[in-house]
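Engineer: Here you go, sequence then predicted model.
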Amino acid sequence: MTRIEARGIKVTYGHGRHTVDALKGVDIDFDDVRSLGIAGESGSGKSTLAKVLLGMVSPNEGHVLIDGQPMESLPKKGPGSRSRQVQMVFQDPTSSLNPRTNVGSTLAEAMIVNDIDCDRSKEVRRLLGLVGLEDAFASRYPYQLSGGQKQRVAIARALACRPSVLVCDEPTSALDVSVQGAMLELLAKVRDEENLALAVITHNLDVVRALCDDVVVLNAGDIVERGATDGVFGNPQHPYTRTLLDAVPRLRYQPFSAQSRSLPDALLK
Amino acid sequence: MTSTNTEVAVRGPGRGPRNGVSPWVPFLGRRLASFVVSLWMIVTLVFFMARSLSGDAVTASLGLDASPEMIAARRAELGLDAPLWNQYVTFLGQLPTLNFGESITLRADPLQVISERLPNTVQLGLTAFILSVLLAVPLGVFVAVRAHSRPGRGSSVFHGVTGFIVAVPDFLLAVGLITVFAITLKWLPPAGGSGFEAFILPVITLTTGITATLSRLVATETGRVLNEEYIRTAQSMRLPPAVLYLRHVLPNVLTSVITSAGLILASLLGGTLITETVFAWPGVGALTIDSILQRDYPMLQSAVAVVAAVSLLVTLMVDVLVAKLDPRSLIVKS
Amino acid sequence: MTINLQATVDPSRTKSKSWGSPTLIIAVLVIVFFVLSALLGPWLFAQQAGTVNPAIGRQGPSAAHLLGTDQLGRDILARTIVGSRASLGYAFGATALTALIGVGLGLLAAALGNRARQLMFQISATATAFPAILLAVILATLFGRSGTAAMLGLAIAAVPTTARITMTLAVGAAGSDQVAAARVVGVGTLRILLRYVLPQISQPLATFTILAAASNLVALSALSFVGLGVQPPEWDWGAMLNSALKEIYTSPFGVVGPGIAIVLAGVVLNIVGEHLARLLDPRNRGRRAASSTPTASARPVTDPPSGEALRPVDIADPVLKVQDLRVATNTEPHLELVHGVEITVGRGQRVGIVGESGSGKSLTLSAMAHLMPSGLGSTAAHHKFNGTELADKDARTRRSVLGDQVALVFQDPMSSLNPSLTIGSILSDKLKAHTNLSRSEVRRRVIAALDEVSIPDPSRTVNRFPHQLSGGQRQRVMIALALLGRTELLLADEPTTALDVSVQRQIANLLVRVNEERGISVVLVSHDIALVSEICDRIIVMRNGWVVEQGTTEEVLTDPQHPYTRALLAALPQTLTAVTSGVTVDKGTRSLA
C-alpha cells in the first residue's frame, strides 16, 4: 500500500498586490486510509489540494511524499513515477477526454506512456469490464457516449496506469441523479477490487458519507476538522462543519423502502 | 472564428481606486508606453527600409546621366555617406523637432506637404467611417433581431450580399462606380476633380466596404447578446421593445463592436491609399504611393511616420474609450 | 477595406449545415476550375492571350472574343484565364508563406513562456494598428518591384497577426482540460503537442488561412493595380484592371473579365472558409451528433404515465393552470419535447418540478411563463393565469396580463444580470415599464426590495454593477426583481444549483420567506429532490417530456407509484448510504448507464 503524505502545504496564487492564499498549511496522510473525503465549498482550496497531490501544482511551501520520496524526485516514467502512483478522475468527463481518439486508443495511450507491458487489447477489455462497459465501447468516440459512460471511460483510463491512489474531483456533480448512485457504487467496487486508496473531493456531503471512511473539512485554505466520517458528521465540532451539515438539503420524509434496488433497463438512459 | 476582441487584452481600470491611486494611472501609463514603443518600431523599420531605396532615389532625381561625382556630392549633401548607425542616430535626433529632411522629388519640407494633404484624407476617411457606422449599426441590429425571432431567409440574404461586397476590392468598386456613374450615366465627374461632386464617388467606395464589414460584425455580436441569459431576464420583465433593445441589448453590442470599429478607423488612414490613387484624390495615401514609386525616401519616412502616429493614436483612444465604457475590469491575458 | 478575417464569421448560424449543401459544392467546383486555369491556362491559352491585333482592339464582346478585346486587340477572356496563374499563384504563395512562418513563430512563442508572449503581443499590436496594406507596400518595394516582391511583402505583413492568433490558440489548447488530464496520465510534451494541441488548433487555423487567401488575392490585385505588384511583361488580374482603367472611356467593358475573376475567387474562398468554420465549430459537432443519435423524447416511451401516479389536483381559483401544454421546435425537424403536460398551481402554494436533464422541466417552466427560447414554441389547450385565458391572446395582451405578475429566477446568477447596467437600473426598468410612479418612488421601492432580500447596504448597491456582487447576492437581486410589481407567481429554474451549499440554504430560505410573507406562489424546478422536498408542498416528477407522477411531497416520497420515481429515489446518494448501512440490496440485473 503506497503511502502518500502531504506536509505543510501552502499554495498562493497571483503576484504583486493581488494574491490569494488557496491553501494555508495543510497536512494529509494516506497511510491506512482507504477512502478519504475532502469536503469543502468553492474557494475552500479543495481543487488546489487535488492538483498538489497530483503534482500539477507545486506548493509554495511544504512537500508531497510518496513512500517517503519527494514527488519532484520521482522518475518521469516507469513503475516508480508519479503517474503510476497517483491518478485523477476529473469533474467534467466531456472536456477531459480527447474527442479525436476513440475509447480504446485513449486507454491504450495511458498504457503506452506509462510503459505498461501487456496485451493491450486484452487489457482494454478488462478495464472496460471493470467499469461496466461492453467491449464494443472500445471503438466509440466520446461524442457518442453519455455523461455517465464518459465518466466510466475516464475512470478506466486512470486505472490503466495501475495507480495506488485515485483522486476523484467531484465524481458525480456533472451526472444526472439517476446515474449518481451507480457511479458511487462503481467507485466503491473499484476501490475494493483494485486495492486502491480513494480521495474524493466534493462539496456533496452525501457522497462523502456514501464512499469515504474518513473526511477532512476544508474552509478557505485550512482544514477545520478531520476524522472518521461517521464521527465528524454525527458530532461536528467546528462551527463551519456544522453550518455545512445544516445547509445540506434532507429529504423531508424518509423515502419508501429502499430494498428493491434493481433498476430495470428501460428506466435508465 | 470568434470576434477580434478576444485578442484585445487590456487591463482596464475598473471602478474605484486601489491603494489611493486612480487605476487610470497605471492603465494609461502602460498604453502610452506601448504607443511609444510601437511608434519607435515602425519608424525604425521604415528608416532601415527607406535607406535601401535611397541609392536609387539619388540616381532617380539626378537622372541617369549624372556623373559619379555629382551622385557622391548629392549623397554627401543628404548625409547618406555616413555609417548607417550614425545616420540612424541623427535621424532619431531629428525626430523630436519634426525635421524629416527634404523631399527629394518635391524639394520641399515633407511635413508641410503632408500637412497640406492630410486634411483631404481625414475628410474622406472620417466621412466614410461615420456614414458607415450610421448605416451599419441599425442594419446589423435589425438583421440580428429578426433572425433571432424569425429564423429564416432574411439573414441569409444579408450574409450573402455583405459577403459578396466584402469580397470586392476597393479599387474594383471604384472602377465600377466610375464606369457606371461617370462614364455611362455622366452624372458625376470622373477621377481628378475637386469640390463636392468629386467627393461623392470616393466616399461611396469606402463607405460600401466598411458598412458591409461593420454590419456583419454588429449582426454577429447582436446575435450573441440576444442569446445571453440577461436578455431573458429583461424579456421576463416584459419591457417594451424599445427599452429592451436600446437599453439592454445595444450597450453590450457596442462595447464589443467599438474595438473592431476602432481598428477599422485606425487602418482607414492607410486604407484610403487605393481609393485616393484611383480617384486622384490629393490625400496622404496617394502621396505615399507616389513617394514609393519615385523613391523619395524622406517623404516616405515622413508620410509613414505620420500615418503610424495617427493610427496608433486612434487605437489608443479606442482602448481608453472601451475601458471607460465597459464597467467590468478586463483582465490581461498573458 | 478587407478586414473580413475574423469577426464576421458567425458559427451559430444554422443555415446550410451539411457538407452536401449546394452552395458549398458550387463554391468548391469554382475553386477547382480556378486551380485548373492557373495550372493549365498558360499552357493552353498563352498564344491567344498574346496575339496582338490592333485592328480589332477595344471591341466589345463577340462570338470570337467572349469578353471582348483590349487596346492591343488581345482576347480578354484568354488573358484572364492565363492571368489566373499569377493572381492565384502569388496569393496562395503569400498565404502559404505566412502560414508557415506565422504558425511556426506562434507555436514558438507559446512554448517559450510569458516574456516571449508579451513580446509577441506588442509586435502584433503594432502591426495591427498600422495599415496592413501600407506595410505590405513598403515591404514589397524593399524587395524590388515584382510579383514575387509583392507576395513576400504581403506574406511578411500578415505574419504578426497569424503568429499571435496561433499563439493564443496554442496557449488556449495547452491550458485545456484535455491536456491537463493527459499530463496527469503521464503523456509527454511531444505527444501532447502532436495529438492534443495541433489537432485542436489546426481547424480554426485552416479556416483563418482560407479566409486569408481571399484577402491576399484582393490585396495583391490592389498592389498590381497601383503598379507595385506584377510587372510587364507578366500580368495578373490587377494589372489588367490597371490598363482597363486607362481605356475606360473608350472601352469600359475591359474591366469585366478580371473584375469578375477577382470577385468570384474571393467569394468562393470566403464561402468555403465560412462553411469550414461552421462545420468544425465544436458546438455544431455536438449538435450534429445529437441529431444523429435519437434524442430522449424521440425514443418511444414505453411507460405512458399511469393514472395512480398522476393524482389529479382540484384547486379552486388557481393562480396558474395549464392543460395539454406542449413544447416543440419551430424549425425542421419538428420535434416535440414536452408532451401534453397539465399543471395547476394554487395561491400561496409551493410546487416543485423534479426531473433529470432532458426531462423537459425547464422548457415547461418557460412555457408557463410564455418565454420560450428562440427556436422553440409552445401550445396549450388552456393556459389560464388568474382566471384569464391566455392561449388565444396575442403577444401584447399577454405582456400586459403577465406583465409584472409573473417573475422568473434563472439558474446562473453570473449571466442573468445585464453587465452594462447598474442593479438600480435593472430593477427600476421593471417598475417603469408597468407603473407610473415617480422617480423617487421607484428608487424607494427598489431599495426596499433589496433590503427585503437582505442585501447589505441597499442604497449603495443600486449603483453597483452585477460583476461587483457575489453569486448569492445576484440571486437575491433576481428575487428582489420578483418582489417589485404585483407579482403573484415566481417561477424558479434551478435557482440554487450554481451556488455554494451554504448560500443555497440561504436562497432556499428566502424563497420560502417570500412565499409565506407575501403570498407569492412559487414553482421550483430542480434536479435536487431533497431540496424540493424541503421547500415544496407538492411535487411533480417529469421524465422525457412527460409528467409521470404528481402529488403532495409526502405522497410522492413515501408512496411513489411510478417506477421511475421509485428508481430516482433509490438512486440518491442518501438512500445509498441507508442501503450500504445494512439494508439488503438486490445486485441482480443491473444495466449501467
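Structural biologist: Structure's in. What do you need? Residues are numbered from 1 along each chain as shown, chains lettered A, B, ... in the order given.
Engineer: Walk me through the domains of chain C.
Structural biologist: C:20-52+C:72-287, C:309-417+C:486-577 (automatic domain parsing).
Engineer: can those go into a markdown table with extra columns for mean pLDDT?
Structural biologist: Shown next, in a markdown table, are those (pLDDT from 0 to 100):
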| stretch | mean pLDDT |
| --- | --- |
| domain C:20-52+C:72-287 | 85 |
| domain C:309-417+C:486-577 | 88 |
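Engineer: so how far is stretch B:125-139 off the chain centroid?
Structural biologist: Offset of stretch B:125-139 from its chain centre (C-alpha atoms, centre = their mean, to the nearest Å): 14 Å.
Engineer: Indicate whether that stretch makes contact with chain C.
Structural biologist: No: remark: stretch B:125-139 sits outside contact range of chain C, by C-beta under 8 Å from any C-beta of the partner chain, the gap being at least 8.8 Å. Every residue, glycine included, has its C-beta placed from N, CA and C.
Engineer: Not counting its own residues, what contacts that stretch?
Structural biologist: Here stretch B:125-139 makes contact (C-beta atoms under 8 Å, 6 or more residues apart in numbering or on different chains) with B:199, B:203, B:206-207, B:210-211, B:214-215, B:217-219, B:257, B:261, B:264-265, B:268-269, B:271-272.
Engineer: before we move on, back to that, for the domains of chain C, which one sits closest to residue A:40?
Structural biologist: Evaluated over the domains of chain C, closeness to residue A:40 peaks at domain C:309-417+C:486-577, with 9.5 Å, by C-beta to C-beta.
Engineer: So which of the contacts of stretch B:125-139 sit within helices?
Structural biologist: Judged by DSSP state H, helices contain the following of those: B:199, B:203, B:206-207, B:210-211, B:214-215, B:217-219, B:257, B:261, B:264-265, B:268-269, B:271-272.
Engineer: now the domains of chain C as JSON lines including mean neighbour count and distance to residue B:27?
Structural biologist: What follows is those, written out as JSON lines (neighbours: other C-beta atoms under 10 Å in any protein chain shown; distance: least, C-beta to C-beta, whole Å):
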{"stretch": "domain C:20-52+C:72-287", "mean neighbour count": "21", "distance to residue B:27": "15"}
{"stretch": "domain C:309-417+C:486-577", "mean neighbour count": "20", "distance to residue B:27": "25"}
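Engineer: of all those domains, which lies closest to residue A:189?
Structural biologist: Closest to residue A:189 of these is domain C:309-417+C:486-577 (C-beta to C-beta; 12.9 Å).
Engineer: how far does that closest one sit from the chain's center?
Structural biologist: Using C-alpha atoms, centre = their mean, the offset of domain C:309-417+C:486-577 from its chain centre is 27 Å.
Engineer: Confirm residue C:547 sits in a helix?
Structural biologist: No: assigned with DSSP: H, G, I helix; E, B strand; the rest coil, residue C:547 falls outside any helix and is strand.
Engineer: Show me the beta-bridge partners of it.
Structural biologist: Per DSSP bridges, the residues bridged to residue C:547 are residue C:542.
Engineer: Isn't it up against residue C:338?
Structural biologist: No: taking C-beta atoms under 8 Å as the definition, residue C:547 is not a contact partner of residue C:338, at 9.2 Å.
Engineer: Pull the contacting residues for the closest residue to chain B within the stretch 151-269 of chain A.
Structural biologist: Residue of the stretch 151-269 of chain A nearest chain B, by C-beta to the nearest C-beta: residue A:174 (19.9 Å). Contact analysis of residue A:174 by C-beta under 8 Å, 6+ apart lists A:91, A:92, A:93, A:94, A:147, A:151.
Engineer: Can you tell me the closest non-neighbouring residue to the residue of chain C found nearest chain B?
Structural biologist: Among all residues of chain C, residue C:131 sits closest to chain B, at 2.2 Å; criterion: C-beta to the nearest C-beta. Distances taken as C-beta to C-beta, 6 or more residues apart in numbering or on different chains place residue B:270 nearest to residue C:131, at 2.2 Å, with adjacent residues excluded.
Engineer: Could you give the number of residues near the one you found?
Structural biologist: When neighbours are counted by other C-beta atoms under 10 Å in any protein chain shown, residue B:270 registers 27.
Engineer: Can you give me the neighbour number for residue 145?
Structural biologist: This is for chain A. Neighbour count of residue A:145, defined by other C-beta under 10 Å: 20.
Engineer: Wait, chain B was what I had in mind.
Structural biologist: Close neighbours of residue B:145, defined as other C-beta under 10 Å, add up to 18.
Engineer: List the buried residues of the helix or strand where it lies.
Structural biologist: For residue B:145, the host element (DSSP states H and E) is helix B:110-149. Neighbour counts using 16 or more other C-beta atoms under 10 Å in any protein chain shown place B:110-111, B:113-114, B:117-118, B:120-125, B:128-129, B:131-133, B:135-137, B:139-145, B:147-148 of helix B:110-149 among the buried residues.
Engineer: Beta-bridge partners for the residue nearest the centre of chain A, please?
Structural biologist: Per C-alpha atoms, centre = their mean, the C-alpha nearest to the average position across chain A is that of residue A:168, at 0.9 Å. Listed beta-bridge partners, residue A:168: residue A:89, residue A:200 (assigned using DSSP bridges).
Engineer: residues touching it, list them.
Structural biologist: Residue A:168 is in contact with A:88, A:89, A:187, A:198, A:199, A:200, A:201, A:202, counting by C-beta under 8 Å, 6+ apart.
Engineer: where does the residue of the stretch 151-269 of chain A closest to chain B land on pLDDT?
Structural biologist: If you check residue A:174, the pLDDT there is 84.
Engineer: do the same with residue A:163
Structural biologist: Looking at residue A:163, the pLDDT reads 90.
Engineer: how about the closest residue to chain C within chain B, what does it touch?
Structural biologist: Residue of chain B nearest chain C, by C-beta to the nearest C-beta: residue B:270 (2.2 Å). By C-beta under 8 Å, 6+ apart, the residues touching residue B:270 are B:285, B:288, B:307, B:311, C:130, C:131, C:132, C:133, C:134.
Engineer: That one and chain A: what is the separation?
Structural biologist: Noted for residue B:270: a distance of 38 Å to chain A, by C-beta to the nearest C-beta, to the nearest Å.
Engineer: Next one, pLDDT for that residue please.
Structural biologist: 72.
Engineer: And for residue A:266?
Structural biologist: As predicted, residue A:266 sits at a pLDDT of 37.
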